[in-house]
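Engineer: Give me the fold of what follows.
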Amino acid sequence: MPEVLIPTPRGQMPAWFALPARPGPAPAVVVLHDIYGMSADHRAQADWLAEAGFLALSPDLYYQGGKLSCIRAVLRDLIARTGPAFDDVEACRAWLLAQPGCSGRAGVIGFCMGGGFALLLASGHGFSASSVNYGGPLPKDVDDFLHAACPLVVSYGGQARWERGVAAQLEEKLTRALIPHDCKEYSDAGHSFMNNHKIAFLKVLRWTGIGYNEAACQDARRRIIAFFHTHLES
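Structural biologist: As a prediction, the model looks like this:
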């Protein structure tokens with residue numbers, strides 16, 4: 001049953017639900033999309049996590065109406081750090097924990113815009129591990145909410161000038177806060193290096209430091225899987 005509806009305070013939210021082949025209790029992961037919303041790439045992110053042994057749910061955060069208005073609304077919640085988008089993520093977490101195949105622990109992973117959410121969700125939102133992938137520059141008060149954060153695995157592309165050095169900044173801050181972490185910057189990759197969108201104009205953007213990078217993507221996936229197994233199965 002890959003396509004499901006998640007009950008939220010605002011109605012039914014469509015999502016892609018991928019299950020591991022191995023039977024038995026498994027940890028869950030909420031997968032948060034980039035600016036493009038629900039796509040083949042977003043569904044594929046859940047699929048590889050399921051292949052690695054996790055219950056993976058990729059919700060469509062833009063389910064309330066027109067795409068442009070939804071993008072504005074979700075970004076507004078991200079900036080405010082509260083609002084319906086956070087309620088929708090919590091609905092996904094609760095839904096996963098209620099599934100009979102769930103072990104009772106959940107993580108979150110996000111890409112681009114979703115990576116920004118994954119960073120903010122690492123503290124005080126019930127997740128046991130978070131994967132932040134090129135989630136943008138760090139907020140000024142990042143030390144405050146990282147103090148009580150869950151373990152974080154962080155991946156950024158060094159070719160994106162506006163995000164260069166963020167992984168190292170998080171490495172320093174998480175070490176100081178005594179939070180388990182794995183932070184890495186891929187010098188040969190740029191922003192969105194784990195999102196393999198089949199959109200022609202995105203190829204033109206690679207010179208700006210944006211684009212899929214197979215080698216970096218596979219290495220980041222390996223690190224994320226190992227980190228999630230360590231911190232969601234303990």
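
Engineer: So which residues of this structure form helices?
Structural biologist: Remark: helices assigned in the chain by DSSP state H are 40-51, 67-80, 84-97, 113-120, 142-146, 166-176, 200-204, 214-232.

Engineer: Among the ones you listed, show the one with the smallest mean pLDDT.
Structural biologist: In terms of mean pLDDT, the lowest-scoring of the helices of the chain is helix 200-204 (a mean of 52).

Engineer: for S39, what are its contacts?
Structural biologist: Contacts of S39 were listed using C-beta atoms under 8 Å, 6 or more residues apart in numbering, and they are 33, 197. No exception for glycine: its C-beta is placed from N, CA and C like everyone else's.

Engineer: And the residue nearest the centre of the protein?
Structural biologist: With the centre of the chain defined as its mean C-alpha position, the nearest residue by C-alpha atoms, centre = their mean is G110, 1.4 Å away.

Engineer: Quick check, L19 in contact with L57.
Structural biologist: No. In this structure, L19 is not within contact of L57 by C-beta atoms under 8 Å, at 10.1 Å.

Engineer: Those two: who's more crowded?
Structural biologist: Each of L19 and L57 has its neighbours counted (other C-beta atoms under 10 Å); L57 has more, 25 against 16.

Engineer: quick revisit: to A160, which of the helices of the chain lies closest?
Structural biologist: A160 lies closest, by C-beta to C-beta, to one member of the helices of the chain: helix 166-176, at 9.1 Å.

Engineer: Just the CA trace of that closest one, in PDB.
Structural biologist: Listed next in PDB are the C-alpha coordinates belonging to helix 166-176 (Å, rounded to 0.1, in the frame of the first residue of the first chain):
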ATOM      1  CA  VAL A 166      27.900  24.700   7.300                       C
ATOM      2  CA  ALA A 167      28.700  21.100   8.000                       C
ATOM      3  CA  ALA A 168      31.900  22.200   9.800                       C
ATOM      4  CA  GLN A 169      29.900  24.700  11.900                       C
ATOM      5  CA  LEU A 170      27.500  22.000  12.900                       C
ATOM      6  CA  GLU A 171      30.300  19.600  13.700                       C
ATOM      7  CA  GLU A 172      31.700  22.200  16.100                       C
ATOM      8  CA  LYS A 173      28.400  23.000  17.700                       C
ATOM      9  CA  LEU A 174      27.200  19.400  18.100                       C
ATOM     10  CA  THR A 175      30.600  18.400  19.600                       C
ATOM     11  CA  ARG A 176      30.300  21.300  22.100                       C
END
